[in-house]
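Enquirer: How does the following fold in three dimensions:
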Amino acid sequence: MNWFGFGKKKDKAPKDAAPETSAPASEAEADVSAGPEIAPDAPAEATPTPVAGPVQADTPAPIADPVLDPEPEPEPEPATPPEPEKPAGFFKRLTSGLSKSSAQLAGVFTRRKLDAEALEELEELLIAADIGAVTAAKVTERLARDRFEKDVTDTEIREALAEVITETLLPHQAPLDLSGDKPQVVLFVGVNGSGKTTTLGKLAVKMTREGASIITAAGDTFRAAAVEQLEVWSKRAGAHFLSRPHGADAAGLAYDAVQEGRRTGADAVLIDTAGRLQNKAELMEELRKILRVIAKVDAAAPHHVVLVLDGTVGSNAISQAEAFLEAARVTGIVMTKLDGTAKGGALVQVAEKFGLPIHFIGVGEGEEDLQPFIARDFARALAGLEA
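Expert: Take a look at the predicted model:
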């Protein structure tokens, strides 16, 4: 599975090979000018007019090789990572992780008839699970329309919830597409403890597994543990790791990282940043400085600003997203720590309010615990349903 679009650059290979087809053609013409040497392959009757024969006999041979050569190149690409088994195991972990959220909805589902009181209670429970008032209203409206005053099962209500959440989140399900100009510069932002550094490291592993050349930059220069953590992940990924002494200017490091990416032709430069509270103006200004400095190297950079949200903070994720959107022009979201939280529904609120792409979700510490966001899987896990 190609998660980041790095393979798309190899589509250019046939175009690069195209000039080779013209070379054999000119060689064929040169052979034609040599003329009579090839005459024995032609019918024996006409020695004076063999030129027409060699043009037809020679042209296919040289042209056939270049056309066949580019074809096999894309073939090995799809077989890169053995991903098919991961989704099933990951869904179990996701369902288990979101079980506290789905358990909050259990109280109202024991009712057999869906009356006004049950609908009101359901709406309150959905809001308490941080799913948000808008989505909660959509769920109860759908149930009122289809099942009001009718006997309803626990599964029917959960299915309705999953359908509404899927419809809400599906437009925001999006890969982290790094197929543009190289190097693609990705800045990771978020509050303290959200999982930025770990997320960056896991993504670096996944990217190098796709054959990409990656540079990582430890921009959280005031926290030695974050620098060490990213260095470990970078070694695991085989990525080129950049750091600076404790307390060094993070903007200067970011500048050097992008320069290094351009010099070496890296596919992507992944830059960590210090965790900062969204209500600390001076820290947010430092983040703006990093953005300005990166743009001096490449006016289009950073190409992606990924906000890493902690799934345990619930509705606080809204204020975090607001602050970082204003300061850092966030382009997408990764939500971590969905294992064991009762507030997983907050992702629905963030998607509804800001319309940001959701790239990945995480349910644990392992690299395999960070997976691409699939709206339907998340919705069914949140509702406590099987895949």
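Enquirer: helix, strand or coil for F188?
Expert: Of the three states, F188 takes strand under DSSP: H, G, I helix; E, B strand; the rest coil.
Enquirer: For it, which residues are in contact?
Expert: Residues near F188 by CB atoms under 8 Å, 6 or more residues apart in numbering: 196-197, 199-200, 270-273, 306, 308. (C-beta placed from N, C-alpha, C; glycine too.)
Enquirer: what's the answer for T208, then?
Expert: 214, 237-239.
Enquirer: Most neighbours out of the residues you listed, which is it?
Expert: I214 (28 neighbours; other CB atoms under 10 Å).
Enquirer: hmm, back to that, between the contacts of F188, which is closest to A295?
Expert: Within those, distances to A295 taken as CB to CB reach their minimum at I271, with 13.0 Å.
Enquirer: The closest one against D256, yeah?
Expert: No. Judged on CB atoms under 8 Å, I271 makes no contact with D256 at a distance of 10.5 Å.
Enquirer: residues shared between the contacts of those two?
Expert: Common neighbours of I271 and D256 (CB under 8 Å, 6+ apart) are A217.
Enquirer: Among these two, which residue is more densely surrounded?
Expert: Using other CB under 10 Å, the more surrounded residue of I271 and D256 is I271, with 27 against 16.
Enquirer: check contacts around the more buried one.
Expert: Listed by CB under 8 Å, 6+ apart, the contact set of I271 reads 185-188, 216-217, 219, 253-254, 257, 290, 294, 302.
Enquirer: Inside strands: which ones of the residues you listed?
Expert: When DSSP state E is applied, the contacts of I271 are split such that 185-188, 216-217 fall in strands.
Enquirer: what ranges do the strands span in the stretch 251-387 of the chain?
Expert: Secondary structure of the stretch 251-387 of the chain (DSSP state E, counting those that start in this stretch): strands at 268-271, 304-310, 332-336, 358-362, 370-372.
Enquirer: So which elements touch the fourth one?
Expert: Spelled out, that is strand 358-362. Packing partners of strand 358-362 (3 or more CB pairs under 8 Å, 6 or more residues apart in numbering; DSSP states H and E): helix 196-209, strand 332-336, helix 346-354, strand 370-372.
Enquirer: ok so, going back, got TSV for the ones in strands among the contacts of I271, with distance to L283 and pLDDT too?
Expert: As requested, the ones in strands among the contacts of I271 are arranged in TSV below (distance: CB to CB, whole Å; pLDDT from 0 to 100):
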residue	distance to L283	pLDDT
V185	21	98
V186	20	98
L187	15	98
F188	15	97
T216	22	98
A217	18	98
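Enquirer: Who wins on neighbours among those?
Expert: For these, the largest number of neighbours (other CB under 10 Å) sits with A217, at 31 neighbours.
Enquirer: surely it meets Y255?
Expert: No. Applying CB under 8 Å, one finds A217 not in contact with Y255, separated by 9.8 Å.
Enquirer: between the contacts of I271, which is closest to E365?
Expert: Nearest to E365 among those is F188, at 17.0 Å by CB to CB.
Enquirer: beta partners of that closest one?
Expert: F188 forms beta bridges with V306, as assigned by DSSP bridges.
Enquirer: now do G362
Expert: Beta-bridge pairing for G362 (DSSP bridges): L370.
Enquirer: what's the burial count for it?
Expert: 26.
Enquirer: what sits against it?
Expert: G362 sits next to 195, 199, 202, 334-338, 369-371 when contact means CB under 8 Å, 6+ apart.
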